[in-house]
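A.B. asks: Dropping the sequence and predicted coords here.
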Amino acid sequence: MIIRTFGHNYEIDLHGMTVSDAKRELTLLLNRAGKDCHEIEVIHGYTGGTALRDFVRREFTHPRIERKFLSLNQGITTLILKR
């Protein structure tokens, strides 16, 4: 897992994780992200399988998530956070 920061926003790469690992890491990141963080770009990939993509886009929830932006690149989903 790789986490990068861009100002107050984050990018997390979930390649190689199981769905349960991804859920744990996303939840930790969302819990720790400051109130000035407005989006998290999640790189989950899809060519090696769609389990992570489907989990992030369809199943994953957290109280801070306002909506999900589905990129034209099917390997990336952006979580837009509540202000």
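C.D. replies: It's in.

A.B. asks: Could you find the closest non-adjacent residue to the spatially most central residue of the chain?
C.D. replies: Central residue of the chain (Cα atoms, centre = their mean): residue 42, 3.4 Å from the mean position. Nearest residue to residue 42, sequence neighbours excluded (Cβ to Cβ, 6 or more residues apart in numbering): residue 77, at 4.9 Å. Every residue, glycine included, has its C-beta placed from N, CA and C.

A.B. asks: repeat for residue 33
C.D. replies: residue 10 is the one closest to residue 33 (Cβ to Cβ, 6+ apart), at 6.5 Å.

A.B. asks: isn't there a helix covering the one you found?
C.D. replies: No: per DSSP: H, G, I helix; E, B strand; the rest coil, residue 10 lies outside any helix segment and is strand.

A.B. asks: That one contacts residue 29, correct?
C.D. replies: Yes: using Cβ atoms under 8 Å, residue 10 is in contact with residue 29, at 6.4 Å.

A.B. asks: got any residues that touch both of these two?
C.D. replies: Residues touching both residue 10 and residue 29 (Cβ atoms under 8 Å, 6 or more residues apart in numbering) are 3, 40.

A.B. asks: sorry, back to before: mind checking how far the residue nearest to residue 33 is from residue 25?
C.D. replies: According to Cβ to Cβ, to the nearest Å, residue 10 and residue 25 sit 11 Å apart.

A.B. asks: Same drill for those two, tell me which one is more crowded.
C.D. replies: Neighbours per residue, other Cβ atoms under 10 Å: of residue 10 and residue 25, the larger number sits with residue 10, 20 against 16.

A.B. asks: Can you name the residues bridging to that one?
C.D. replies: residue 5, residue 40 (DSSP bridges).

A.B. asks: OK, contacts around residue 36?
C.D. replies: residue 8.

A.B. asks: And it, which helix or strand is it part of?
C.D. replies: Using DSSP states H and E, residue 36 maps to neither a helix nor a strand.

A.B. asks: Convert stretch 27-44 to CSV, retaining C-alpha atoms only.
C.D. replies: This file holds the C-alpha atoms of stretch 27-44, laid out as CSV (Å, rounded to 0.1, in the frame of the first residue of the first chain):
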residue,chain,number,x,y,z
THR,A,27,-11.3,3.1,7.1
LEU,A,28,-8.0,4.0,9.0
LEU,A,29,-7.2,6.7,6.4
LEU,A,30,-10.6,8.2,6.5
ASN,A,31,-10.6,8.2,10.3
ARG,A,32,-7.2,9.9,10.5
ALA,A,33,-7.6,12.4,7.6
GLY,A,34,-8.0,15.9,8.9
LYS,A,35,-11.2,18.0,8.3
ASP,A,36,-9.3,19.9,5.7
CYS,A,37,-9.1,16.8,3.5
HIS,A,38,-11.8,16.9,0.8
GLU,A,39,-10.9,14.0,-1.4
ILE,A,40,-9.1,10.7,-1.5
GLU,A,41,-8.1,9.2,-4.8
VAL,A,42,-8.3,5.4,-4.5
ILE,A,43,-6.2,3.4,-7.0
HIS,A,44,-7.6,-0.1,-7.0
